[in-house]
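Asks: Give me a 3D structure for the following:
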Amino acid sequence: MVSDYSGLNFNEVIELDCVTYKILLRDAFVDRLSATEEGRKYLESAWILTQTAPDKSSLREYFKGGN
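Replies: Now for the predicted structure:
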C-alpha cells in the first residue's frame, strides 16, 4: 500500500525510517478509504470519536433553533 501510494519501489520503502513509513502508511490508508462513500463515512465516524471538546457553536445553533 505504501509503495502504491508513494510511488517508491519496494526496496525504497524498506529503507524508510520507521516514522516516515508510519506516516506514509497512515496517509495511504486514509487515501484508500476516501475513495468510497463507505470509507468516507468510516473516516468521519473515526474523527468524531477522537474529539474531546464539544463544538459549542454548533450546540448553540442547534438549541437556538428549537430542534
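
Asks: rest of the way, CA atoms for contacts and neighbours
Replies: Fine.

Asks: So what touches the helix or strand D31 falls within?
Replies: If you go by DSSP states H and E, D31 is part of helix 18-33. Contact with helix 18-33 is made by 1-2, 5-6, 13, 39-40, 42-43, as judged by Cα atoms under 8 Å, 6 or more residues apart in numbering.

Asks: same thing with stretch 7-17?
Replies: 2-3, 21.

Asks: Quick check on those: which are buried?
Replies: With burial judged by 16 or more other Cα atoms under 10 Å, the buried subset of the contacts of stretch 7-17 is 2-3.

Asks: Pull out the buried residues from whichever strand or helix holds L43.
Replies: Per DSSP H and E: L43 is located in helix 37-50. By neighbour count on 16+ other Cα under 10 Å, the buried set for helix 37-50 is R40.

Asks: I'd like to know which elements it is packed against.
Replies: helix 18-33 (3 or more Cα pairs under 8 Å, 6 or more residues apart in numbering; DSSP states H and E).

Asks: For the helix it packs on, output the C-alpha coordinates as PDB.
Replies: This file holds the C-alpha atoms of helix 18-33, laid out as PDB (Å, rounded to 0.1, in the frame of the first residue of the first chain):
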ATOM      1  CA  CYS A  18      10.100   4.000  11.000                       C
ATOM      2  CA  VAL A  19       8.400   7.400  11.400                       C
ATOM      3  CA  THR A  20       8.300   8.200   7.700                       C
ATOM      4  CA  TYR A  21       6.900   4.700   6.900                       C
ATOM      5  CA  LYS A  22       4.200   5.000   9.500                       C
ATOM      6  CA  ILE A  23       3.200   8.500   8.200                       C
ATOM      7  CA  LEU A  24       3.000   7.200   4.600                       C
ATOM      8  CA  LEU A  25       1.100   4.100   5.800                       C
ATOM      9  CA  ARG A  26      -1.500   6.300   7.600                       C
ATOM     10  CA  ASP A  27      -1.800   8.600   4.600                       C
ATOM     11  CA  ALA A  28      -2.200   5.700   2.200                       C
ATOM     12  CA  PHE A  29      -4.900   4.200   4.400                       C
ATOM     13  CA  VAL A  30      -6.800   7.400   4.600                       C
ATOM     14  CA  ASP A  31      -6.400   7.900   0.800                       C
ATOM     15  CA  ARG A  32      -7.800   4.500   0.100                       C
ATOM     16  CA  LEU A  33     -10.800   4.900   2.400                       C
END
